[in-house]
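Asks: give me the fold of what follows.
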Amino acid sequence: MKKIKLLLTGCMGRMGQQLIKSVRKDQNFKLVALTESKKTNKKINGIKVDLNSEALFKNVDLIIDFTVPKCTFEVLKIATKLKKKVVIGTTGFTKKEENLIKNFSRKIPILKAGNMSLGINLLMYLTEIASSSLGKNFLSKIFEIHHKHKKDYPSGTALMLGKGIAVGRSKSYYNLIGKKYLNKKTFPYGKKINFNSIRKGEIIGEHEVKFSNGKEIITLNHEAFDRKLYSEGALTAAKWLINKKTGLYSMRNLMNFK
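Replies: Got it, this is the predicted structure:
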């Protein structure tokens with residue numbers, strides 16, 4: 001099997017470093033380029049860390065992007081010009097930016113996921129089913145815990161689960177976003193989706209979706225123990241995307257959910 005020539009953006013970040021470790025152990029890939037947002041003289045595994053450029057992108061088959069929205073769009077512009085496939089693990093996009101990504105996907109294959117964990121994507125699917133089945137008499141809320149280094153809140157995964165609730169209710173996600181709490185011991189259910197984020201220690205990630213009608217509570221949860229599950233999920237996504245035609249895909253497509 002021909003190896004997939006891979007470029008990793010944000011290679012100095014936590015996920016970038018983990019992806020490099022996972023690629024070393026996966027015989028399906030050849031890591032050919034690494035980029036960061038700022039100029040540096042560093043080398044990793046003998047590969048110079050460079051800036052995003054057409055010259056660098058020409059020699060790759062696929063890009064995996066775990067950065068920030070501004071960088072992601074820089075990547076997409078170059079990838080679209082050169083007809084390269086892109087896996088996006090970056091989070092924090094606005095509604096307008098989400099639509100821009102859809103526009104790019106009309107020209108190149110893109111797989112975008114707020115979380116690359118197969119387990120989290122199963123949780124997303126179950127959240128949609130629960131939300132649809134329980135109906136409007138049940139209020140909901142989402143709780144998440146991450147390590148103290150994570151600055152954004154709620155997490156991209158928590159927001160993704162919120163979308164699952166909205167899809168289940170056949171409602172606009174942006175109209176259902178409720179209050180966003182940080183480091184609260186308790187927080188209320190709401191007609192809109194309330195979020196509470198805890199930042200402490202070195203916790204990889206915990207997510208919990210709760211539904212209640214005041215008489216009973218249904219809880220769906222996922223706990224991550226090893227960061228490798230995200231990088232290995234991203235590589236699984238890359239292997240799946242490499243044979244796909246133009247379009248916007250998600251882990252849901254990969255896992256063959258309806």
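Asks: please make it C-alpha for all contacts and neighbour counts, starting now.
Replies: OK.
Asks: residue contacts, the residue most central in space within the chain?
Replies: Of all residues in the chain, the one closest to the mean position by CA atoms, centre = their mean is residue 114, 2.3 Å from it. By CA atoms under 8 Å, 6 or more residues apart in numbering, residue 114 lies in contact with 89-91, 156-157, 160.
Asks: in JSON lines: these, plus pLDDT, secondary structure and distance to residue 254.
Replies: Formatted as JSON lines, those follow (pLDDT from 0 to 100; DSSP: H, G, I helix; E, B strand; the rest coil; distance: CA to CA, whole Å):
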{"residue": "89", "pLDDT": "94", "secondary structure": "coil", "distance to residue 254": "15"}
{"residue": "90", "pLDDT": "92", "secondary structure": "coil", "distance to residue 254": "18"}
{"residue": "91", "pLDDT": "86", "secondary structure": "coil", "distance to residue 254": "19"}
{"residue": "156", "pLDDT": "84", "secondary structure": "helix", "distance to residue 254": "19"}
{"residue": "157", "pLDDT": "89", "secondary structure": "helix", "distance to residue 254": "17"}
{"residue": "160", "pLDDT": "89", "secondary structure": "helix", "distance to residue 254": "17"}
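Asks: export those residues as CSV, with columns for neighbour count.
Replies: Shown next, in CSV, are these (neighbours: other CA atoms under 10 Å):
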residue, neighbour count
89, 22
90, 20
91, 21
156, 18
157, 23
160, 20
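Asks: of those residues, closest to residue 134?
Replies: Nearest to residue 134 among the contacts of residue 114 is residue 160, at 19.1 Å by CA to CA.
Asks: now, which of the contacts of residue 114 sits nearest residue 150?
Replies: Using CA to CA, the shortest approach to residue 150 within the contacts of residue 114 belongs to residue 156, at 11.1 Å.
Asks: ranges for the helices of the stretch 101-250 of the chain?
Replies: If DSSP state H, counting those that start in this stretch is used as the criterion, the helices of the stretch 101-250 of the chain fall at 118-134, 156-169, 173-176, 228-241.
Asks: who's in contact with the shortest one?
Replies: Pointing back at helix 173-176 there. By CA under 8 Å, 6+ apart, helix 173-176 touches 162-163, 166-167, 191-193.
Asks: just the C-alphas of stretch 14-22, formatted as CSV.
Replies: Output in CSV follows, covering the C-alpha atoms of stretch 14-22 (Å, rounded to 0.1, in the frame of the first residue of the first chain):
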residue,chain,number,x,y,z
ARG,A,14,-0.4,19.4,22.5
MET,A,15,-2.3,17.6,19.8
GLY,A,16,0.4,18.2,17.2
GLN,A,17,3.0,16.5,19.4
GLN,A,18,0.6,13.6,20.1
LEU,A,19,-0.1,13.2,16.3
ILE,A,20,3.6,13.0,15.6
LYS,A,21,3.9,10.2,18.1
SER,A,22,1.0,8.3,16.6
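Asks: give the buried residues for it.
Replies: For stretch 14-22, the neighbour count (16 or more other CA atoms under 10 Å) marks 15-16, 18-20, 22 as buried.
Asks: redo those residues as a markdown table? Include secondary structure and pLDDT.
Replies: Listed next are the buried residues of stretch 14-22 as a markdown table, based on DSSP: H, G, I helix; E, B strand; the rest coil; pLDDT from 0 to 100:
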| residue | secondary structure | pLDDT |
| --- | --- | --- |
| 15 | helix | 90 |
| 16 | helix | 93 |
| 18 | helix | 94 |
| 19 | helix | 96 |
| 20 | helix | 96 |
| 22 | helix | 96 |
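Asks: can I get the contacts of helix 173-176 in JSON lines with neighbour count?
Replies: Converted to JSON lines, the contacts of helix 173-176 look like this (neighbours: other CA under 10 Å):
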{"residue": "162", "neighbour count": "28"}
{"residue": "163", "neighbour count": "22"}
{"residue": "166", "neighbour count": "23"}
{"residue": "167", "neighbour count": "18"}
{"residue": "191", "neighbour count": "14"}
{"residue": "192", "neighbour count": "17"}
{"residue": "193", "neighbour count": "24"}
